[in-house]
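K.L.:
This is the structure alone, sequence omitted:
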């Protein structure tokens, strides 16, 4: 799963589990607006929230770990 696929996959897996955005948000301890932003691609879940998503939506951690590694590589600043 590429980072660009993340919003669509969150939506698809959430619907597969018959969860509303509100219910998923409640289970994760975040706002419904946060879930909406993840699904629309306007923001990305933190590494901690990716792990929670993997557990709740039964997505392999291997897939989530690949996203976390890419996210870390993008946010790292070059050493001076």
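P.N.:
Done, it's in. Here the structure is a predicted model, which means the values were calculated and not measured.

K.L.:
how much space between residue 35 and residue 27?
P.N.:
From residue 35 across to residue 27, the span is 10 Å (CB to CB, to the nearest Å). All C-beta spots, glycine's among them, are computed from the backbone N, C-alpha and C.

K.L.:
Those two: who's more crowded?
P.N.:
Between residue 35 and residue 27, counted using other CB atoms under 10 Å, the more crowded position is residue 35 (25 against 15).

K.L.:
Do I have it right that the more buried one meets residue 21?
P.N.:
Yes. Using CB atoms under 8 Å, residue 35 is in contact with residue 21, at 4.5 Å.

K.L.:
Now for these two: what residues contact both?
P.N.:
With contacts taken as CB atoms under 8 Å, 6 or more residues apart in numbering, residue 35 and residue 21 have residue 14 as neighbours in common.

K.L.:
Mind listing what's buried along stretch 42-52?
P.N.:
Buried residues in stretch 42-52, counting neighbours by 16 or more other CB atoms under 10 Å, are found at 44, 45, 49, 50, 52.

K.L.:
give me the element residue 37 is part of.
P.N.:
For residue 37, the host element (DSSP states H and E) is helix 32-40.

K.L.:
for that helix, packing partners?
P.N.:
helix 6-16, helix 21-28 (3 or more CB pairs under 8 Å, 6 or more residues apart in numbering; DSSP states H and E).

K.L.:
what's the angle between the last one and helix 6-16?
P.N.:
Right, the one you point to is helix 21-28. Angle, helix 21-28 to helix 6-16, by axes from the mean of the first three to the mean of the last three CA atoms, to 10 degrees: 100 degrees.

K.L.:
What is the neighbour count of the nearest residue to residue 31 once chain neighbours are set aside?
P.N.:
Sequence neighbours aside, residue 25 is the residue nearest to residue 31 in space, at 5.8 Å (criterion: CB to CB, 6 or more residues apart in numbering). When neighbours are counted by other CB under 10 Å, residue 25 registers 18.
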